[in-house]
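*Asks:* need coordinates for the following:
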Amino acid sequence: MEYLPLLFFLVVIIPSSIIHEYAHGWMADQLGDPTARYAGRLSLDPRVHIDKWGTLLMPLLLFFITGGKFLFAYAKPVPYNPYNLRNQKWGPALVAIAGPASNLALALVFGLLVRFIPLTSQFMANLVGLVSVIVYANVLLAVFNLVPIPPLDGSKILFAVLPDSQYKIKMMLEQYGFVILLAFIFFGFKFITPIIQFIYLLITGGVGFF
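*Replies:* From the prediction side, this is the model:
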């Protein structure tokens with residue numbers, strides 16, 4: 001990834017994470033929980049979603065520590081009360097999956113632009129390169145958040161499908177989730193990189209890959 005796309009990636013991942021959190025709140029509201037709406041978080045206004053650490057400081061820190069090899073950001077989690085949801089078993093999973101789904105939707109929209117912007121000049125080629133960064137950033141957010149480790153969204157989906165007899169797995173993941181997640185970021189992220197790249201190539205047809 002060249003220097004300019006890398007900086008653009010750092011910029012793009014912040015609004016993408018905000019849309020991700022908005023989607024959680026919107027889905028919870030649709031399923032019967034108005035907590036996010038009452039808290040003023042059912043909005044795309046960045047001011048209500050920015051978390052000083054997760055949205056600003058952490059991405060910058062990761063940028064410098066890893067030399068841009070790994071970048072991630074998150075917005076302030078949208079509050080919701082799972083006990084308000086009409087479906088107690090699948091409701092939390094649907095709220096969880098709404099975030100990654102919003103990122104995949106963004107990736108698909110901008111992926112169409114990558115496919116159909118004519119490469120008639122160097123300017124257009126550069127534009128395709130920048131738009132492809134938006135696609136890649138949103139695919140990364142979607143895939144990473146679907147990893148079934150708390151507090152990532154994938155864990156809520158896992159808990160919904162786990163039978164009650166496997167409650168010990170849920171308890172273990174909830175107790176040690178943060179430690180497991182840190183270990184995954186530093187040692188296991190390479191295992192989902194091919195998935196991220198595959199989905200990116202599928203969406204864009206390989207155009208603008210950096």
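
*Asks:* for the chain, longest helix please?
*Replies:* Secondary structure of the chain per DSSP state H: the longest helix is helix 3-30.

*Asks:* buried sites along whatever helix or strand comes next after that helix?
*Replies:* Tracing the chain C-terminally past helix 3-30 and defining elements by DSSP states H and E, one meets helix 35-38 next. Of the residues in helix 35-38, 35-37 count as buried by neighbour count, 16 or more other CB atoms under 10 Å. Glycine gets a C-beta too; all of them are placed from N, C-alpha and C.

*Asks:* how close does the most centrally placed residue in the chain sit to Leu31?
*Replies:* Residue closest to the average C-alpha location in the chain (CA atoms, centre = their mean): Leu141, at 2.8 Å. Counting by CB to CB, to the nearest Å, the gap from Leu141 to Leu31 is 22 Å.

*Asks:* heading C-terminal from the worst-scoring helix or strand of the chain on mean pLDDT, find the next helix or strand.
*Replies:* Here the helix or strand of the chain ranked lowest by mean pLDDT, DSSP states H and E is helix 58-65, holding a mean of 77. Per DSSP H and E, the first helix or strand lying C-terminal to helix 58-65 is helix 91-116.

*Asks:* ok now the helix or strand just after that following helix, how far from the chain's centre?
*Replies:* Scanning forward in sequence from helix 91-116 by DSSP H and E, the next helix or strand is helix 122-145. Remark: helix 122-145 is offset 14 Å from the chain centroid, using CA atoms, centre = their mean, to the nearest Å.

*Asks:* for helix 122-145, name the packing helices and strands.
*Replies:* Judged by 3 or more CB pairs under 8 Å, 6 or more residues apart in numbering; DSSP states H and E, helix 122-145 is in contact with helix 3-30, helix 91-116, helix 193-204.

*Asks:* the residue nearest to Arg86 when sequence neighbours are not counted and Tyr80, how far apart?
*Replies:* Closest residue to Arg86 apart from its sequence neighbours, by CB to CB, 6 or more residues apart in numbering: Gly32 at 4.4 Å. According to CB to CB, Gly32 stands 10 Å off from Tyr80.

*Asks:* neighbour count: these two, which is higher?
*Replies:* Set side by side, Gly32 and Tyr80 show more neighbours around Tyr80, with 24 against 13, by other CB atoms under 10 Å.

*Asks:* touching, that one and Gly25? I think so.
*Replies:* Yes. Counting by CB atoms under 8 Å, Tyr80 does reach Gly25; the two are 6.8 Å apart.

*Asks:* mind listing the shared neighbours of these two?
*Replies:* Ala36 (CB atoms under 8 Å, 6 or more residues apart in numbering).
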